[in-house]
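Participant: Here is a sequence with its predicted model. Questions after.
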Amino acid sequence: MTHTLTLIKTVYEESQLEELEVPQIILAGRSNVGKSSLINCLAGRKKLAKISSTPGKTRSLNYYLVEPEGYYIVDLPGYGYAKCSKTERAKWGMLIDSFLKDNHHIAAAAVLLDSRLNPQQNDMEMVSYFTQCRIPIIPVMTKSDKCKQRDRSKVQKKWQDIIKTKPICVSSKSGMNRTALLNLFAKTAFPGQETENETPEES
Ligand code: GDP
């Protein structure tokens, strides 16, 4: 199945938030984890999401419509790790809180984790934040091409112990598990509906 991702909406201010009656999968991760690259990989386009060299530069919620299924991937850039002033960070935090509050259409949060790193404090904070909000977590280990499978498995096991879900390993460079991740998102957005069944190539 060919999937398309289209940037539908960008929200900078609380006043721009509106209730969208469509299942939403949050994409979260600290700067440089490979989030823009993953969006581009899922979209099969090089420049849909800007690959930023400046960490934490973007301050907006970006809604990508995934077709043909018809759910949104909502990108939360630089969540919690903004290298910016306290005021700016507080404003950003408020925008995220408003987005999450009373939003009954959030199906899950895909939390991006670097395959090469042991669980980091700020990643754990992000995981516990979503857990507190009662949002199911889809752990996604990025840049899997950059490390050996043996090392990756160790990191994967550590995250599995923490989150109680086995992370899916992806690579935007090789395209590893691209389709499996899209299928997992679709299944999470529309539970009970038939989706293409693809087992992750490698876990
Ligand atoms: P973001 O800040 O989370 O959006 O991260 P980017 O997508 O901008 O990626 C940060 C850096 O990691 C860039 O230099 C990317 O080329 C690199 N990168 C991202 N994903 C991968 C991957 O799957 N494999 C490899 N080898 N490099 C990656």
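Facilitator: Looks like it arrived, so ask away. This structure is a prediction, so every number in the text was calculated from the model and none was measured.
Participant: and the host helix or strand of Trp159, does that touch the ligand?
Facilitator: Trp159 belongs to helix 149-163 when assigned by DSSP states H and E. No: using C-beta under 6 Å from any ligand atom, helix 149-163 stays clear of the ligand, with a minimum separation of 12.2 Å. Backbone N, C-alpha and C define where each C-beta goes, glycine included.
Participant: From the contact counts, what lies against that helix?
Facilitator: Secondary-structure packing of helix 149-163 (3 or more C-beta pairs under 8 Å, 6 or more residues apart in numbering; DSSP states H and E): strand 106-114, helix 121-132, strand 137-142.
Participant: Make TSV from these and add mean pLDDT and mean neighbour count to it.
Facilitator: Below are the helices and strands packed on helix 149-163 laid out as TSV (pLDDT from 0 to 100; neighbours: other C-beta atoms under 10 Å):
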stretch	mean pLDDT	mean neighbour count
strand 106-114	97	23
helix 121-132	91	15
strand 137-142	98	24
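Participant: Figure out which of the ones you listed is closest to the ligand.
Facilitator: Distance to the ligand, taken as C-beta to the nearest ligand atom, is lowest for strand 137-142 among the helices and strands packed on helix 149-163, at 5.7 Å.
Participant: what lines up beside the closest one in the sheet?
Facilitator: strand 106-114 (parallel), strand 168-169 (parallel) (DSSP bridges).
Participant: Could you dump the helices and strands packed on helix 149-163 into a markdown table and include distance to the ligand?
Facilitator: Shown next, in a markdown table, are the helices and strands packed on helix 149-163 (distance: least, C-beta to the nearest ligand atom, whole Å):
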| stretch | distance to the ligand |
| --- | --- |
| strand 106-114 | 7 |
| helix 121-132 | 12 |
| strand 137-142 | 6 |
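Participant: tell me which element the residue nearest to the spatial centre of the chain falls in.
Facilitator: Nearest residue to the geometric centre of the chain (C-alpha atoms, centre = their mean): Leu27, 2.1 Å. Assigned by DSSP H and E, Leu27 belongs to strand 24-28.
Participant: Next: Tyr63.
Facilitator: Per DSSP H and E: strand 61-67 holds Tyr63.
Participant: Identify each buried residue in that strand, please.
Facilitator: Leu61, Asn62, Tyr63, Tyr64, Leu65, Val66 (16 or more other C-beta atoms under 10 Å).
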